[in-house]
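1. would you be able to build a 3D model of this:
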Amino acid sequence: MVKYYSLKFKGKGKEPFTPANFISDENEIKNLTAFFFWSSWSCGVLRPGEDASYTQNWPYDEFAGNNVSFPAVFWSIIGCFSLIFALGLVFYYFGKFQSQTTFKPSKDDIATEDSVNQFVPTPTQKATYKFFAIAIFLFFVQVVSGILTIHDFVGFTEFNGYEITEDLPLNITRSWHTQMAILWIATCWIAASIFILPIISPKEPPLQLALINILFWALFIVVVGSLIGIFVGPKGWAGEYWRWLGHQGWEFLEMGRLWQYGLALGFLIWLVIIYRGVKSSLGSIKTLALPHWILYAVMGIVVMFGFSFVAGPDENFVIADFWRWLVLHMFVECFFETFTIVIIAYFMTIMGLVNKEDANRVVYFAILLFLGSGFLGVSHNFYWNGKPEATLAIGSVFSTMQIVPLILLTVQAWRFRRLPVDAMQKKGIINTEISNFGFPEAFLFLLGVNFWNFLGAGVFGFIINLPIINYFEHGTYLTMNHGHAALMGVYGNLSIGGVLFCSRFLLKPGVWNKTLIKTAFWSLNIGLFLMVILNLFPVGLYQIAAVINHGLWFARSNEFIQTQPFQMLTWMRIIGGSIFVVGGVIPLVWFMLTRFLGLKPAVATLNTRKRGMRPDSQDALGNPALEEPGYNSRKDKGTRIFLK
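-> Next up, the predicted model:
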């Protein structure tokens, strides 16, 4: 085996590694070969006292004696039964308490164009714009690195005689693609949550602006360090410091350990900023009100990220990989979902589309479903990495239940889509269009979240979660299909929607471009949809057929990658990809980076109160609206009034 891999990394043999001599140290090749042997052994040897291997006979390979085990079939059946039972139970109670578990048009004032145009941000709110601009630029970097990665799969890597893989091999561009996806989305959410703090509690704590600027530069250093480190690490330029400054080698946690600590510090600063921002409101509202939920969600994200440090070169691979995947999917399937529903509820409330009581009830109901299924549902990621049979049982039952809240979102999709119209009609506005609504562009992206939550996270997630299906598809394009549709479709749309929602407040009316943003929305989502239906999903079906007929080894081989159907379907991605990039990404990046001079001037205190509001009343979010010294609701008209 050592001889085989030595030739392979020298660019020789049946399937030579590209670029040649990427690993030239004979000792490193020997150690890597030992790892390959240990991995193969754990997949094939029987677990003591059982009839299956340590990996439950995965991957499928009849020649090696690996075939689907009885537990994988049995618990798939139980998982389907559990899904039908849970759907019936949840829909029963959803119907019974429908009036308390759905968004309804608010009786409060709608956020019209005039009220948004007259809004004047605080310095802390204005400071968030640089987060948004950098995040959208990182989105561009992520997409470009993805383009370079897919070019490698079709062998189109030479431009005017220059072979790009010599400087940017696949493992570097793909690492940029996955790592930047996490970072740009996280940056958007950090900034959006900071933006709404003065609306939750108008009286800002001292030094809040300084903390926000420190957080920005901390994240900036982490991003730049990660980009450089992921480049120099695989090239060996970081020497013995490759793990600290370069590339750790863990998917989605590629950044060097130093930058990982920097990101953890940034998350802690974020938590401090959020706590300081909502602290004055916590004692005067219910424990499960929106300000509490946003604090809980951020705390969950910070705590779970701490477990990412378990993964290291001296830790057993099975244990390290468990915590790496747990961190990632606790983010995606638990706390990111919690954060998502809380942020959407805040956006809906600030827009004037729903009232705070409805928002609180819907958030509580949705989080109960997401966390109830998500905490244990993440077990579907651990079917085949050395865990016992109980993992199959827990994962198959609870991961299938994760489709329940996503189906409920689809049931409410029409009502959600009609919220601006219904809310305006409830105020006596006859016009059934939302032309006077202040956030039609941001609302489009929230509708996109709803669509992709069902298709990308729900449908494409469910079809790969059952053990009997996951056994054959694990490691194929069907996983990538789910990942792209869910991550970009749900969290990407939500992040961009949050950027536009906050930017609409921050930018002067004259620099806002409705046509460009609406074009970007349709280009991004149509482009993503075409990439899914023309490439990712059909090539995933083609690949799983190869797994069933020949085994996973063939479906992952270069021989399979070079087959005509795979190459043709991969080239088809250029149709959706071109629309996605040219009509969506580039205009959006240009818009955000060229609007710094169009920012509104800031004032020290944000006023979100209504005219004539009594000191003992509440603002639109249910927080005490105490009059500040010197504030006169009759005199203080004009640009400092948002909710008229």
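2. host element of Met531?
-> Using DSSP states H and E, Met531 sits in helix 514-531.
3. and the pLDDT for the closest residue to Gln208 other than its chain neighbours?
-> Among residues not flanking Gln208 along the chain, Thr124 sits closest, at 5.4 Å (CB to CB, 6 or more residues apart in numbering). All C-beta spots, glycine's among them, are computed from the backbone N, C-alpha and C. pLDDT for Thr124: 95.
4. so Thr124: helix, strand or coil?
-> helix (DSSP: H, G, I helix; E, B strand; the rest coil).
5. His247 and Thr149, how far apart?
-> From His247 across to Thr149, the span is 15 Å (CB to CB, to the nearest Å).
6. of these two, which one has the most company?
-> Neighbour totals were compared for His247 and Thr149, and His247 leads with 23 against 19 (other CB atoms under 10 Å).
7. one step back: the residue nearest to Gln208 against Ile199, yeah?
-> No. Using CB atoms under 8 Å, Thr124 is not in contact with Ile199, being 11.1 Å away.
8. quick one: secondary structure of the residue nearest to the spatial centre of the chain?
-> Nearest to the mean C-alpha position of the chain, by CA atoms, centre = their mean, lies Tyr491 at 4.0 Å. What three-state DSSP gives for Tyr491 is helix.
9. swap in Gln248?
-> Per three-state DSSP, the local secondary structure of Gln248 is strand.
10. hmm, Tyr261 and it touching each other?
-> No. With contact defined as CB under 8 Å, Gln248 does not count as touching Tyr261 (11.9 Å).
11. which one's more surrounded, these two?
-> Gln248 (24 against 14).
12. and the more buried one, what does it touch?
-> With contact set as CB atoms under 8 Å, 6 or more residues apart in numbering, Gln248 has these partners: 254-257, 260, 311.
13. which ones are touching the residue nearest to Gln208?
-> Contacts for Thr124 (CB under 8 Å, 6+ apart) come out as 194, 197-198, 204, 208-209, 212.
14. neighbour-wise, which of the residues you listed leads?
-> When neighbours are counted by other CB under 10 Å, Leu197 leads these with 26 neighbours.
15. can you give me the strands in the protein?
-> Counting by DSSP state E, one finds strands in the chain at the ranges 158-159, 162-163, 247-250, 253-255.
16. and those strands, which is most packed in?
-> strand 253-255 (a mean of 25; mean count of other CB atoms under 10 Å).
17. so what touches that strand?
-> Outside strand 253-255, the residues that touch it by CB under 8 Å, 6+ apart are 175, 178-179, 222, 225-226, 229-230, 247-248, 260, 263, 308, 311, 324, 327-328.
18. which ones among the residues you listed map onto helices?
-> If you go by DSSP state H, those have 175, 178-179, 222, 225-226, 229-230, 260, 263, 324, 327-328 in helices.
19. closest one of the residues you listed to Phe63?
-> Nearest to Phe63 among the ones in helices among the contacts of strand 253-255: Arg324, at 30.6 Å, using CB to CB.
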